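1. Fold the following.
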Amino acid sequence: MSNIDPAFLRGLTRPRLARSSYARRDVLRMMGAAGAGVALSACGVQGQGGKEKVSQTDVQKYWAGKAKNGKLNWANWPGYMQDDRETIKAFEKETGIQVTYKEVIQEMGPWFGKIQAPLSAGQSIGFDLMIMTNGIQLEQCRQLGYLAPLDLAKLPNFQKNVGPSFKNPSYDPGNAHTIPYESGVTGIAYNTKYVDEEITSIAQLFDAKYKGKVGMMGDSQELGNFGMFLLGIDPEKSTQADWEKAAAKLREQRDKGIVRKYYSQDYVDAVSKGDVWMTMAWSGDVYSLTSPDVKFVVPKEGGTIWTDNMCIPKTAENPVDALTLMDWLYVPENNVPLTEFINYMPPIPSTQEILKQKAAKATGDEKKDLTRLSTSSLIFPSEADLARLRHYRRLTQAEEQEYQKIFEPISKGS
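-> Numbers count the residues shown, from 1 in each chain. Next up, the predicted model:
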């Protein structure tokens, strides 16, 4: 990735956001061979007592005797914090807790590979808080018992301010181990210069009249989700039979020549230039495009919501301090500066009203930027859009292998 211009990838004038976004999107292709290989390497690794359900006794046992130490170490992705660390400085000033912040996560596969050995041995990884995307590696950490059970009683701001769509996710029932940091959506982007109808449906990605002008994502899980959405199947509740039906429709779309290309990140440039007229796309990419011709929609059949989550390694040396920071970030006023910088979906709906108030008081370009941010459906989706969003299917190791066999060959032409 080092020789790719991230500003080109995102169509941004602020490269810091482009860097982070490309890195995070890259990891969402975790269902590809490299990501699957790393996750599968965890087979047979002894964890620290992972459980499907975490009891209150488990929570009390973990947190018993733990206290604030006045410091914490935070592992995050590049570009997921202001350049001047404004948010961290505000937290330190208010709480007295000193934060060592490092942008050490580039992809989930390598990150899991780095932390797996010490966590399996019950040793510290040197971090008390880390940001992990929902998917294979987070599921591995959960199953292997690598994550601290959260004491939700000590997360009152989370309980009070989190949006309903971000609470009790399928990938972490009851928010037993994680709470969201930021989110985004996989939907459809289309160029209104070339498409003279409103795009509202995944079925339009399969319409023969757009032969050679449709972009699809090469990631197996993203691709599979859209195939299932088309057939009215909820990916989170899907079976192997559902995957095979969806794959058949996706192969048919490919074999008819409707798909120009299966993209990773380069669909952004393709849809902007008109190489493709419509494509699967990530909401954050489309928000950041300077072209007014490209629109984004959550299709009526459904779209995928991905979430980057805050979680505490079970071997954290300063877990109480980490929990304090997690809850502090759920004060809406504390979260707003992050939303202004990152330009993704915050898990706190009330940040929208605060941003609107800031926009009303601002002038010039700042007013224009804040108004666009606070009114964008890409940052603050409607309740109707949110209701149509689904997460990736939680896959066991055996299911993961079958899923790959079914969907991975489609984008490879086999």
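2. Give me the packing partners of whichever helix or strand residue 401 is part of, helices and strands only.
-> Element membership for residue 401, per DSSP states H and E: helix 397-412. On a contact count with 3 or more Cβ pairs under 8 Å, 6 or more residues apart in numbering; DSSP states H and E, helix 397-412 meets helix 33-40, helix 220-230, helix 240-255. C-beta coordinates here come from the backbone N, C-alpha and C atoms, glycine included.
3. If we go by neighbour counts, what in stretch 360-368 is buried?
-> For stretch 360-368, burial by neighbour count (16 or more other Cβ atoms under 10 Å) applies to no residue.
4. Run through who's touching it.
-> Residues from elsewhere that reach stretch 360-368 (Cβ atoms under 8 Å, 6 or more residues apart in numbering): 359, 370.
5. Now do that stretch: distance from first to last residue.
-> Distance between the two ends of stretch 360-368: 10 Å, counting by Cα to Cα, to the nearest Å.
6. now it, how far from the chain's geometric center?
-> Using Cα atoms, centre = their mean, to the nearest Å, the distance from the centre of stretch 360-368 to the centre of the chain it belongs to is 29 Å.
7. on that earlier part again, and the helices and strands packed on helix 397-412 as a markdown table, adding distance to residue 298, mean neighbour count and mean pLDDT?
-> Shown next, in a markdown table, are the helices and strands packed on helix 397-412 (distance: least, Cβ to Cβ, whole Å; neighbours: other Cβ atoms under 10 Å; pLDDT from 0 to 100):
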| stretch | distance to residue 298 | mean neighbour count | mean pLDDT |
| --- | --- | --- | --- |
| helix 33-40 | 25 | 18 | 37 |
| helix 220-230 | 10 | 25 | 95 |
| helix 240-255 | 19 | 17 | 98 |
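8. Make TSV out of these and add distance to residue 377.
-> Below are the helices and strands packed on helix 397-412 laid out as TSV (distance: least, Cβ to Cβ, whole Å):
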stretch	distance to residue 377
helix 33-40	30
helix 220-230	19
helix 240-255	27
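9. between those, which gets nearest to residue 283?
-> helix 220-230 (13.0 Å; Cβ to Cβ).
10. helices or strands up against the closest one?
-> Using 3+ Cβ pairs under 8 Å, 6+ apart: helix 220-230 touches strand 178-191, strand 214-217, helix 240-255, strand 278-282, strand 303-311, helix 397-412.
11. Tell me which strands the fourth one pairs with, and in which orientation.
-> With DSSP bridges as the test, strand 278-282 is paired with strand 178-191 (antiparallel), strand 214-217 (parallel).
12. Would you mark the buried spots in that strand?
-> 278-282.
13. what about dumping the CA coordinates of that strand to CSV?
-> C-alpha atoms of strand 278-282 as CSV (Å, rounded to 0.1, in the frame of the first residue of the first chain):
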residue,chain,number,x,y,z
MET,A,278,-22.8,1.7,-10.7
THR,A,279,-20.9,-0.3,-8.2
MET,A,280,-20.9,-1.8,-4.7
ALA,A,281,-19.3,0.9,-2.5
TRP,A,282,-18.5,2.0,1.0
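14. Give me the helices and strands touching the helix or strand just after that strand, please.
-> From strand 278-282 onward toward the C-terminus, using DSSP H and E, the following helix or strand is helix 283-288. In terms of contacts (3+ Cβ pairs under 8 Å, 6+ apart), helix 283-288 is packed against helix 15-27, strand 178-191, strand 294-297.
15. Could you tell me the least trusted of the ones you listed?
-> Out of these, helix 15-27 stands lowest, with a mean of 36 (criterion: mean pLDDT).
16. remind me which residues of the stretch 151-300 of the chain are low pLDDT?
-> Where the stretch 151-300 of the chain drops to pLDDT under 70, the residues are 290.
17. How about residue 63: what's its closest non-neighbour residue?
-> Spatially, and ignoring its direct neighbours in sequence, residue 63 is nearest to residue 151 (5.1 Å; Cβ to Cβ, 6 or more residues apart in numbering).
18. who's in contact with the one you found?
-> Applying Cβ under 8 Å, 6+ apart to residue 151 gives the contacts 59, 62-63, 323.
19. Adding distance to residue 409, neighbour count and secondary structure, write these out as CSV.
-> Below are the contacts of residue 151 laid out as CSV (distance: Cβ to Cβ, whole Å; neighbours: other Cβ atoms under 10 Å; DSSP: H, G, I helix; E, B strand; the rest coil):
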residue, distance to residue 409, neighbour count, secondary structure
59, 43, 18, helix
62, 43, 17, helix
63, 47, 18, helix
323, 44, 26, helix
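20. Closest one of those residues to residue 262?
-> Checking these one by one against residue 262 (Cβ to Cβ), the nearest turns out to be residue 323, at 41.2 Å.
21. Settle this for me: the closest one is touching residue 310, isn't it.
-> No: taking contacts as Cβ atoms under 8 Å, residue 323 lies outside contact range of residue 310: 9.5 Å.
22. Pretty sure residue 260 sits in a strand.
-> Yes: the assignment for residue 260 by DSSP: H, G, I helix; E, B strand; the rest coil puts it in a strand.
23. pretty sure it is touching residue 276, no?
-> Yes: the criterion here is Cβ under 8 Å, and residue 260 meets it with residue 276 at 5.2 Å.
24. which SS state does residue 276 fall under?
-> State at residue 276, reduced to three classes by three-state DSSP: coil.
25. how about the residue lying farthest from the centre of the chain, secondary structure?
-> Largest separation from the mean C-alpha position in the chain: residue 65, at 33.6 Å (Cα atoms, centre = their mean). Here residue 65 is coil, with the state taken from three-state DSSP.
26. now the one 10 residues further on
-> For residue 75, the secondary-structure state derived from three-state DSSP is strand.
27. Can you give me every residue that contacts it?
-> Contact analysis of residue 75 by Cβ under 8 Å, 6+ apart lists 102, 104-105, 111, 127, 129-131.
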